[in-house]
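K.L.:
The following block contains a protein sequence and its predicted model.
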Amino acid sequence: MSATLEPTHAITSSALAGFTGTVRYYRWHSGLLLTDGAHYLAANGAAWLIDILASVQHMPTMRDEDRQFWTLKVDLEKHTAVIICTDGDKTGDGEVELYRQDIPYTDFPLKEAKLFAFSEPGIGRIV
């Protein structure tokens with residue numbers, strides 16, 4: 001992220017729908033590479049969400065997983081959430097939950113957000 005303050009934009013479903021693929025990668029402080037969509041989230045008030053993904057990458061179950069499917073589910077009335085990471089049903093026997101964290105308070109504006117993280121040999125983990 002830039003050292004200067006930039007105007008923030010609302011995180012909306014329509015804004016996020018515009019991010020398919022990426023034009024540029026952004027290095028996150030933990031070594032993750034962010035796509036345009038993940039960077040948009042981080043730059044507009046959801047850096048904490050990217051930090052959660054980054055903070056668990058050292059765990060063996062996460063480190064060894066080439067593909068990670070992340071879902072943030074928000075209770076908009078209670079302002080609580082849960083973030084869950086699965087393997088995306090890579091074996092065809094149903095999704096395996098790799099990580100789960102309850103979030104006691106959030107002002108994230110959407111009911112749900114999904115992120116995909118994958119390892120690119122020689123480059124690192126891309127979100």
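P.N.:
Sure thing, it's come through.

K.L.:
what about the helices in the chain?
P.N.:
If you assign secondary structure with DSSP state H, the helices in the chain sit at 13-17, 36-41, 47-55, 60-63.

K.L.:
Quick check: which of those helices is buried the most?
P.N.:
Compared across the helices of the chain, helix 36-41 shows the largest average neighbour count, a mean of 20 (mean count of other Cβ atoms under 10 Å). From N, CA and C alone the C-beta is placed, and that goes for glycine too.

K.L.:
for that helix, the distance to its chain's centre please.
P.N.:
In terms of Cα atoms, centre = their mean, to the nearest Å, the centre of helix 36-41 is set 9 Å apart from its chain centre.

K.L.:
Show me what that helix is in contact with.
P.N.:
For helix 36-41, the surrounding residues in contact (Cβ atoms under 8 Å, 6 or more residues apart in numbering) are 1, 9, 11, 15-16, 19, 22-24, 26, 47, 49-50, 113, 115, 127.

K.L.:
And the strands in this structure?
P.N.:
Read by DSSP state E, the chain holds these strands, from start to end of the chain: 26-27, 33-34, 67-75, 80-86, 97-103, 112-120, 124-126.

K.L.:
tell me the most buried of these?
P.N.:
Using mean count of other Cβ under 10 Å, the stretch among the strands of the chain with the largest mean neighbour count is strand 33-34, at a mean of 22.

K.L.:
which helices and strands sit right next to it?
P.N.:
Packing partners of strand 33-34 (3 or more Cβ pairs under 8 Å, 6 or more residues apart in numbering; DSSP states H and E): strand 26-27, strand 124-126.

K.L.:
May I have the distance across stretch 11-24, first residue to last?
P.N.:
20 Å (Cα to Cα, to the nearest Å).

K.L.:
Off-centre distance for that stretch?
P.N.:
Distance, centroid of stretch 11-24 to centroid of chain: 13 Å (Cα atoms, centre = their mean).

K.L.:
which residues touch that stretch?
P.N.:
For stretch 11-24, the surrounding residues in contact (Cβ under 8 Å, 6+ apart) are 9, 35-37, 40-41, 44-46, 108-110, 113.
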